[in-house]
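Trainee: how would this look folded up:
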Amino acid sequence: MSAQTLAEKMISKNHMGINIASVTIGVGILTFPRSLAKATGAFDGWISVVISGLCACLIGWLLAKLAARFPRKTFFEYSSIIASKPIAYILTFLVCIYTMLFVSFEIRAIGNIAKQYLFYNTPVEMITLSFLLIVQYSVVGSRIAMLRLNLLFLPVVLVVMFIVLLFTTQLFEIENIRPFFSSDWRSLLAGSKDVGLSYSGFEIILFYTMLMKNPQEGTRAVTLGLSIPFLLYMTIYMFVIGVFSADVATNLTYPTIELAKEVEIPGGFFERVESIFFTIWIMTIFNTCAMWLDITVLNLSSMFFNVHKTVWVLILSPVIYFVAMLPQNLVDFFTFADSVTYFGIAVVYLCPILLLIIAILRGVKSNE
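Mentor: The predicted structure follows:
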């Protein structure tokens, strides 16, 4: 393979940052204002967003440092170097379980929300299955091409979100955000925990650093990738509280979509802006699901390299769909989301950080 061809298959620091931003802006952006308003009970939830964002940046920086020590190597390969192959097999299998669960959560969320706001008479099972089939098609293709879709989709999503916020400015009421700084530190920490799911996604740096032109820039990519959702979450929360108030926001299942429903474009050109917003937002969820499923396949292929990627996709998809259909109602669905978050904290946050500490103490680093 020529150097030019290899360079074309690599991604830059900015591209990785956009990938991280795209995978982070998922289902959590629609629900976090409700859980945050419930935890803090006030406008002060923005402080929880800051705390959670800083923690995410710190953890992401550590994960990027780990992956950068072993450029061009998969998670399984550098885990084997640090902690032996048996432990690497266990850790990689746990990562695969986590990523599969995350895909199940995302496609079920698509089914629930699409049925509620777009396809009233379509069974949620069919909506979820249709979306999963599209994700399958994306994953079996080129990995770099799939990642480059974020360069096309993310700007569109951000522009639509900016338009929604712009036209809700006139509905913003100062009284809804008063009093300031009325929450105690326990409430703020609880809010930070609740908003943690919304920052999930930056851990893809563990698996895609090997595709970067300069793996040492992974830490900058994480900072760039998290800064976009950080600013977006801050703005959305402020507008949700300013328009609805904290008391009302706690009773809204999807406050961000409800915010889009309040938009009235002059001239009545668009009657239902929330449908347009949701349709555009599906682009981000599509990329998120595709990347998580691709990471699952990538990790399995690194352990069992004789199995073709398409075979793994066909094997995993029925399992993902079955798990996605397990929650019977919204309470079960949000409980499932919390369980996935806690499992992910242990598997893709704590374990890799422990691997980094071991690698530093032992002086282990790739020869490349």
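Trainee: per-residue pLDDT, M1?
Mentor: Here the pLDDT value assigned to M1 is 41.
Trainee: do G41 as well
Mentor: Confidence score, pLDDT, at G41: 68.
Trainee: quick check: end-to-end length of stretch 337-356?
Mentor: Using Cα to Cα, to the nearest Å, one end of stretch 337-356 lies 27 Å from the other.
Trainee: average pLDDT for it?
Mentor: Here the average pLDDT along stretch 337-356 is 87.
Trainee: tell me the buried residues in it?
Mentor: By 16 or more other Cβ atoms under 10 Å, the buried positions in stretch 337-356 come out as 337, 340-341, 344, 347-349, 351-353, 355-356. (Each C-beta comes from the backbone N, C-alpha and C, glycine too.)
Trainee: show me the contact partners of it.
Mentor: 27, 59, 62-63, 65-66, 69, 78-79, 82-83, 91, 94-95, 97-98, 101-102, 105, 196-197, 200, 203, 206 (Cβ atoms under 8 Å, 6 or more residues apart in numbering).
Trainee: and for stretch 74-84?
Mentor: Counting by Cβ under 8 Å, 6+ apart, 66-67, 69-70, 73, 87-89, 91-92, 95, 206-207, 210, 298-299, 302-303, 355, 358-359, 362, 364, 366 sit against stretch 74-84.
Trainee: and what of stretch 357-366?
Mentor: 66, 69-73, 78, 81-83.
Trainee: how about a cut-off of 10 Å?
Mentor: Residues outside stretch 357-366 that contact it (Cβ atoms under 10 Å, 6 or more residues apart in numbering): 62, 65-66, 68-73, 77-79, 81-83, 215, 355.
Trainee: tell me the buried residues in it?
Mentor: Result for stretch 357-366 [16+ other Cβ under 10 Å]: buried residues A359.
Trainee: alpha carbons of it, as PDB, please.
Mentor: Provided in PDB are the C-alpha atoms of stretch 357-366 (Å, rounded to 0.1, in the frame of the first residue of the first chain):
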ATOM      1  CA  ILE A 357      -1.500   3.100  35.300                       C
ATOM      2  CA  ILE A 358      -0.100  -0.400  34.900                       C
ATOM      3  CA  ALA A 359       1.500   0.600  31.600                       C
ATOM      4  CA  ILE A 360       3.200   3.700  33.200                       C
ATOM      5  CA  LEU A 361       4.400   1.800  36.200                       C
ATOM      6  CA  ARG A 362       5.800  -1.000  34.100                       C
ATOM      7  CA  GLY A 363       7.100   1.300  31.400                       C
ATOM      8  CA  VAL A 364       5.200  -0.600  28.700                       C
ATOM      9  CA  LYS A 365       4.900   1.100  25.300                       C
ATOM     10  CA  SER A 366       4.600   0.100  21.700                       C
END
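Trainee: where does the prediction get shaky in this structure?
Mentor: 1-9, 27, 41-42, 182, 264-274, 366-368 (pLDDT under 70).
Trainee: spatially nearest residue to S52 (excluding sequence neighbours)?
Mentor: S192 (4.3 Å; Cβ to Cβ, 6 or more residues apart in numbering).
Trainee: the one you found reaches F32, doesn't it?
Mentor: No. S192 lies out of contact with F32 (Cβ atoms under 10 Å); the separation is 11.0 Å.
Trainee: what do the two both touch?
Mentor: With Cβ under 10 Å, 6+ apart as the test, S192 and F32 both reach 45, 48-49, 52, 199.
Trainee: tell me the one of those residues nearest T288?
Mentor: Distance to T288 across those (Cβ to Cβ) is lowest for Y199, with 12.9 Å.
Trainee: report the contact partners of the nearest residue to the closest one once chain neighbours are set aside.
Mentor: For Y199, ignoring the flanking residues on the chain, the nearest one in space by Cβ to Cβ, 6+ apart is A56 at 4.1 Å. By Cβ under 10 Å, 6+ apart, the residues touching A56 are 24, 195-196, 198-203, 222, 225-226, 229-230, 349.
Trainee: helix, strand or coil for A56?
Mentor: helix (DSSP: H, G, I helix; E, B strand; the rest coil).
Trainee: any idea how far it is from T99?
Mentor: 18 Å (Cβ to Cβ, to the nearest Å).
Trainee: on that earlier part again, now the buried members of the contacts of stretch 74-84.
Mentor: Here, 16+ other Cβ under 10 Å leaves 66-67, 69-70, 73, 88, 91-92, 95, 206-207, 210, 298-299, 302-303, 355, 359 buried among the contacts of stretch 74-84.
Trainee: distance to I282 and secondary structure added to the buried residues of stretch 337-356, as CSV?
Mentor: Output for those, formatted as CSV (distance: Cβ to Cβ, whole Å; DSSP: H, G, I helix; E, B strand; the rest coil):
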residue, distance to I282, secondary structure
A337, 18, helix
V340, 20, helix
T341, 22, helix
G344, 23, helix
V347, 27, helix
V348, 25, helix
Y349, 28, helix
C351, 32, helix
P352, 30, helix
I353, 33, helix
L355, 35, helix
L356, 36, helix
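Trainee: which residues in the stretch 1-150 of the chain form helices?
Mentor: 3-8, 13-24, 28-40, 45-68, 75-83, 85-117, 124-139, 143-167 (DSSP state H, counting those that start in this stretch).
Trainee: for N287, what are its contacts?
Mentor: 19, 22-23, 25-26, 135, 138, 146-147, 149-150, 152-154, 157.
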